[in-house]
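Peer 1: Provided below for reference: sequence and predicted model.
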Amino acid sequence: MRPTSSDAARLAAVPYDVINTDEARALAEGNPLSFLRVSRAEIELPAGTDPYSDAVYQRAAGNFAALRRTSLVVDDEPSVYFYRLRMGDRTQTGLAACFSIDEYDRDIVKKHERTRRDKEDDRTRHMIALGAQTGPVFLIYRAADEVDRIAESATAKTPAVDFEAPDHVRHTLWRVGGADRDALVAAFGRIPALYIADGHHRAASAARARNDIRERGLSGTSLGDGADYSTMLAVAFPHNQVQILPYNRVARNLAGLSPDAFLQSVRERFNVEAGPAVPHARGDIAMFFGGAWHTLRARVRPTDPIGSFDVSVLQDQLMAPILKILDVRTDKRIDFVGGARGTSELEALVQSGKAAVAFSLYPVSVSDLMSVSDAGEVMPPKSTWFEPKLRDGLLIHVI
């Protein structure tokens with residue numbers, strides 16, 4: 001299921017989990033078609049409404065049903081889609097389709113992140129309330145020539161959907177059926193593994209929704225044979241087209257240290273010199289403090305692969321021992337800023353007093369991510385930021 005070409009630009013929305021309720025409400029204002037009214041339905045309820053209340057999921061289901069009547073279509077044959085994202089000079093084209101949850105269970109679809117139960121609970125309830133998956137998982141695969149050849153041919157044709165979003169990212173969809181669809185399915189059958197880049201909670205929630213539907217004897221909705229709870233909606237991109245941006249950090253305070261004492265503690269563990277806002281190489285960490293950028297280089301560099309990531313060095317040698325931030329998932333004194341927002345936002349947070357110190361990191365590589373996933377290990381928390389983001393509501397899988 002997808003929006004009509006005329007409604008796609010107004011309907012498709014940023015992912016539900018990259019904005020808060022107030023931001024979602026502002027983005028949807030004046031746009032009755034915005035998919036945020038489905039993915040973040042609390043924006044239509046009184047301020048202060050618990051976003052996990054029954055009323056929110058009921059409102060989401062009602063809004064989704066209304067969109068189905070007016071602005072969503074179902075193609076007349078089983079199809080897959082090429083989904084192209086263009087941001088500035090960068091372009092990446094992925095295959096949007098339904099991927100096996102059983103293969104996710106068996107780690108053929110590989111993970112690099114632990115999920116939180118409360119976030120799984122939310123999206124599982126959302127999927128079951130709607131009878132649909134509305135936000136795709138972002139996958140990576142090692143590039144395959146046969147897929148590239150079909151993509152080149154298919155994307156030379158007229159797209160089904162093509163628009164530029166307010167953030168200046170262009171989203172384009174081509175539908176692929178018939179022989180090319182079958183060739184793509186066969187080609188992906190020969191790809192040994194897929195890797196979750198972004199969307200671990202969506203994938204885990206799809207698996208939980210499948211289990212719930214099986215156990216309760218529920219099944220789908222009004223699309224009959226087209227409904228399938230055993231697969232998950234995802235877009236798979238070749239590894240050589242994807243970029244990982246840094247996931248930068250700010251700390252709200254210095255854990256009781258004076259500025260001089262903090263800087264002295266940092267100098268005991270790192271070589272500190274004047275440096276740029278954006279690190280030039282792995283091993284350099286940029287710190288904005290005292291109105292200036294500094295380059296930090298650890299005096300002791302771990303040798304194990306995960307411990308040697310800059311994000312691990314920062315956490316293990318500065319955040320935890322000096323700032324006493326032990327768990328970045330739960331500590332309220334740390335915030336994260338995706339690399340697409342630039343280092344000017346880090347400076348603004350410190351200069352405004354909302355943060356005491358900021359850190360700009362060199363990004364991990366796609367090969368790092370795949371190597372960690374292949375080893376069955378977990379990346380450090382909040383270590384990858386993928387940009388541009390896939391839009392919610394642009395493709396919808398009924399379960």
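Peer 2: Sure thing, it's come through. As the structure is a computational prediction, the values presented were derived from the model and not from experiment.
Peer 1: Can you check the pLDDT for residue 23?
Peer 2: Here, the pLDDT recorded for residue 23 equals 95.
Peer 1: Tell me where the protein has helices.
Peer 2: Assignment of helices within the chain using DSSP state H yields the ranges 8-11, 21-28, 36-39, 54-70, 101-105, 117-130, 145-154, 178-189, 200-216, 259-269, 310-314, 343-351, 366-374.
Peer 1: wait, isn't residue 143 in contact with residue 237?
Peer 2: No - judged on C-beta atoms under 8 Å, residue 143 makes no contact with residue 237 at a distance of 9.1 Å. For glycine as for every other residue, the C-beta is placed from the backbone atoms N, C-alpha and C.
Peer 1: Comparing these two, which residue is more hemmed in?
Peer 2: residue 237 (23 against 14; other C-beta atoms under 10 Å).
Peer 1: Name the nearest residue to that one, ignoring sequence neighbours.
Peer 2: What sits nearest to residue 237 in space, not counting adjacent residues and going by C-beta to C-beta, 6 or more residues apart in numbering, is residue 94, at 3.8 Å.
Peer 1: That neighbour bridge partners, please.
Peer 2: For residue 94, the beta-bridge assignment (DSSP bridges) gives partners residue 83.
Peer 1: and what of residue 272?
Peer 2: Note on residue 272: beta-bridge partners by DSSP bridges are residue 296.
Peer 1: Quickly note the distance from the residue nearest to the spatial centre of the chain to residue 259.
Peer 2: When the chain is reduced to its mean C-alpha position, the nearest residue by C-alpha atoms, centre = their mean turns out to be residue 198, at 3.9 Å. Separation of residue 198 from residue 259 (C-beta to C-beta, to the nearest Å): 36 Å.
Peer 1: dump the residue contacts of residue 181.
Peer 2: 78-80 (C-beta atoms under 8 Å, 6 or more residues apart in numbering).
Peer 1: got these as a markdown table, with pLDDT columns?
Peer 2: Supplementary listing: the contacts of residue 181 in a markdown table, determined by pLDDT from 0 to 100:
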| residue | pLDDT |
| --- | --- |
| 78 | 90 |
| 79 | 94 |
| 80 | 96 |
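Peer 1: In strands only, show me the residues you listed.
Peer 2: Counted as lying in strands by DSSP state E, out of the contacts of residue 181, are residue 80.
Peer 1: Emit the PyMOL select command for whichever of the contacts of residue 181 are buried.
Peer 2: Selection of buried members from those for PyMOL, criterion 16 or more other C-beta atoms under 10 Å:
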select buried, resi 79+80
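Peer 1: in the sheet, who's paired with the nearest residue to residue 148 once chain neighbours are set aside?
Peer 2: Closest residue to residue 148 apart from its sequence neighbours, by C-beta to C-beta, 6+ apart: residue 238 at 7.0 Å. Counting by DSSP bridges, residue 238 is bridged to residue 141.
Peer 1: Burial check on residue 238, number of neighbours?
Peer 2: 20.
Peer 1: Next, the contact list for it, please.
Peer 2: 92, 94, 140-144, 147-148.
Peer 1: how close does the residue nearest to residue 331 when sequence neighbours are not counted sit to residue 360?
Peer 2: Computed as C-beta to C-beta, 6+ apart, the closest residue to residue 331 that is not its neighbour in sequence is residue 325, at 4.8 Å. From residue 325 across to residue 360, the span is 17 Å (C-beta to C-beta).
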